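> Here's my sequence, what's the structure:
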Amino acid sequence: MAFGKSCAERLSCGIGFQGLLAMRAFLLPSLLLLAACGTPQQQCINRETRDLRVVERLIAETQGNLARGYGFEEVTVFTTEYVDCTPQVVVPEGQPAPVVARRLCLEDVPETVRRPVAIDLVAEQRKLDSLITKRRDLTARAQTAIAACQAAYPER
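Just a heads-up that it's a prediction; the model follows:
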């Protein structure tokens, strides 16, 4: 992929798989940096309400388990796939690149899958009740923390 080409030229000739990987490798860290760029007040509120958001997510998951009658577990499975294992050749400047035959190798590739699992509905209901109680406590604490964040970092 030539970086000197215009956007239209890149789209017309296609960027290919390697170009997509390069864009992904560039865009992902950029998006993470942008996500961390909130105002000081937003960062403070985010930091102080993190536990509340985790509990909210667990409540939603537990309610879903109770509604379905079963839960999910994440399991890592390995599948054997052909991957490109062609050796990378370093060529001194000015020397012609040698022709290297492409090699494919079998490699175990991990994949995370969700599998249904049986749950104890009574225990799941107790867990939900406990999480709802914890959410009440965290909500009260979060309101105080949010007010402190707003006082410490007023926005214009």
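> Would you mind listing the buried residues in the longest helix seen in the chain?
For the chain, the longest helix by residue count, based on DSSP state H, is helix 121-152. Buried residues in helix 121-152, defined by neighbour count with 16 or more other CB atoms under 10 Å: 124, 127-128, 131, 134-135, 138, 142, 145, 149. Bear in mind the C-beta positions are built from the backbone N, C-alpha and C, glycine included.
> pLDDT score for the residue nearest to residue 45 when sequence neighbours are not counted?
Nearest non-adjacent residue to residue 45, counting by CB to CB, 6 or more residues apart in numbering: residue 149, 4.9 Å away. If you check residue 149, the pLDDT there is 94.
> same check, this time on residue 61
Residue 61 carries a pLDDT value of 96.
> Spell out the residue ranges of the strands in this structure.
70-84, 104-118 (DSSP state E).
> What ranges in this protein fall below the confidence cut-off?
Scanning the chain for pLDDT under 70 picks out the ranges 1-36.
> how about a cut-off of 50?
1-17, 20 (pLDDT under 50).
> ok, residue 46 touching residue 38?
Yes - the criterion here is CB atoms under 8 Å, and residue 46 meets it with residue 38 at 6.6 Å.
> tell me, how many neighbours does residue 73 end up with?
Close neighbours of residue 73, defined as other CB atoms under 10 Å, add up to 9.
> out of everything not next to it in sequence, what's closest to it?
Spatial nearest neighbour of residue 73, chain neighbours left out: residue 117 (4.9 Å); criterion: CB to CB, 6+ apart.
> Residue 77 versus the one you found, what's the distance?
In this view, residue 117 and residue 77 are 15 Å apart by CB to CB, to the nearest Å.
> same thing with residue 104?
To residue 77, residue 104 is 22 Å away according to CB to CB.
> ok, back up a step: kindly reformat the strands of the chain as a markdown table and extend each row with distance to residue 98.
Below are the strands of the chain laid out as a markdown table (distance: least, CB to CB, whole Å):
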| stretch | distance to residue 98 |
| --- | --- |
| strand 70-84 | 17 |
| strand 104-118 | 19 |
